[in-house]
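Participant: sequence? don't have it. structure:
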């Protein structure tokens with residue numbers, strides 16, 4: 001029998017990978033603007049510098065850590081970063097396995113989205129932005145802001161508030177790739193995709 005890893009890494013550039021996994025808490029959408037308006041498979045990102053391996057919002061199906069263990073070999077540091085509190089996923093287990101930190105190492109920058117409960121990550125080497133729930137994949141090569149229902153727990157924070165917060169943080173970044181957690185990634189002209197999503 002041929003072994004097929006449950007984590008199938010898609011290499012996007014030197015030292016940059018993305019993979020998807022089925023989320024165990026997924027439920028089908030039942031109404032318009034449903035908080036369950038997301039696909040069962042969610043995306044995760046791995047980024048390797050010379051000394052560190054960074055895993056962003058990692059989810060590993062059925063405890064199959066072999067592929068990620070391979071990426072971590074020879075690294076002095078492993079960092080597990082979470083964009084939003086709902087994206088803990090397999091992070092705690094991976095942190096135990098590799099004695100990982102929760103701080104972004106050199107080469108990865110935090111982009112806090114004011115009052116939106118989310119920290120995106122920016123990898124300048126690849127001009128790659130990694131959002132959590134505030135930007136989602138849309139018809140390729142597109143993006144959309146999250147459904148309004150996803151903001152309900154933020155005490156009156158509106159779509160217009162989100163639009164302004166994203167504009168303040170993202171429009172000056174020279175974004176090429178946007179590796180969304182939900183939906184298909186944007187692999188080129190990321191800045192243009194952000195602008196389109198924020199002017200709808």
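Facilitator: Noted; the coordinates are in hand. None of the values given here were measured: they were computed from a predicted structure.
Participant: please make it C-alpha for all contacts and neighbour counts, starting now.
Facilitator: Fine.
Participant: could you give me the average pLDDT of the helix or strand hosting residue 94?
Facilitator: Element membership of residue 94 [criterion: DSSP states H and E] is helix 91-98. Average pLDDT, helix 91-98: 90.
Participant: what does that helix contact?
Facilitator: For helix 91-98, contacts defined as C-alpha atoms under 8 Å, 6 or more residues apart in numbering pick out 57-59, 78-82, 100-101.
Participant: so how far is it from its chain's centroid?
Facilitator: Its chain's C-alpha centre lies 18 Å from the corresponding centre of helix 91-98 when counted by C-alpha atoms, centre = their mean, to the nearest Å.
Participant: next structured bit after that helix?
Facilitator: Counting by DSSP H and E, the next helix or strand C-terminal to helix 91-98 is strand 109-113.
Participant: list the buried residues of stretch 179-196.
Facilitator: 179-187, 190-194 (16 or more other C-alpha atoms under 10 Å).
Participant: which of those fall within helices?
Facilitator: Applying DSSP state H to the buried residues of stretch 179-196, the entries found in helices are 190-194.
Participant: tabulate these (TSV), appending distance to residue 145.
Facilitator: Listed next are those as TSV, based on distance: C-alpha to C-alpha, whole Å:
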residue	distance to residue 145
190	14
191	14
192	14
193	11
194	9
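Participant: just curious, which of those residues is nearest to residue 117?
Facilitator: Ranked by distance to residue 117 (C-alpha to C-alpha), these are led by residue 194 at 18.9 Å.
Participant: quick check: the gap between the spatially closest residue to the closest one that is not a sequence neighbour and residue 58.
Facilitator: Nearest residue to residue 194 in three dimensions, chain neighbours excluded: residue 143, at 6.7 Å (C-alpha to C-alpha, 6 or more residues apart in numbering). Shown here: residue 143 relative to residue 58, a distance of 21 Å by C-alpha to C-alpha, to the nearest Å.
Participant: neighbours of residue 177, how many?
Facilitator: Using other C-alpha atoms under 10 Å, residue 177 is surrounded by 22 other residues.
Participant: show me the beta-bridge partners of it.
Facilitator: Here residue 177 sits in beta bridges with residue 128, going by DSSP bridges.
Participant: help me confirm that residue 50 is found in a strand?
Facilitator: No: counting by DSSP: H, G, I helix; E, B strand; the rest coil, one finds residue 50 to be coil, located in no strand.
Participant: I would like the residues contacting the top helix by length along the chain, please.
Facilitator: Assignment by DSSP H gives helix 159-170 as the longest helix of the chain. Applying C-alpha under 8 Å, 6+ apart, the contact partners of helix 159-170 are 111-116, 148, 194, 198.
Participant: which of these has the largest number of neighbours?
Facilitator: Within the contacts of helix 159-170, most neighbours by other C-alpha under 10 Å means residue 194, with 22 neighbours.
Participant: which residues does that residue contact?
Facilitator: The neighbourhood of residue 194, defined by C-alpha under 8 Å, 6+ apart, consists of 143, 170-171.
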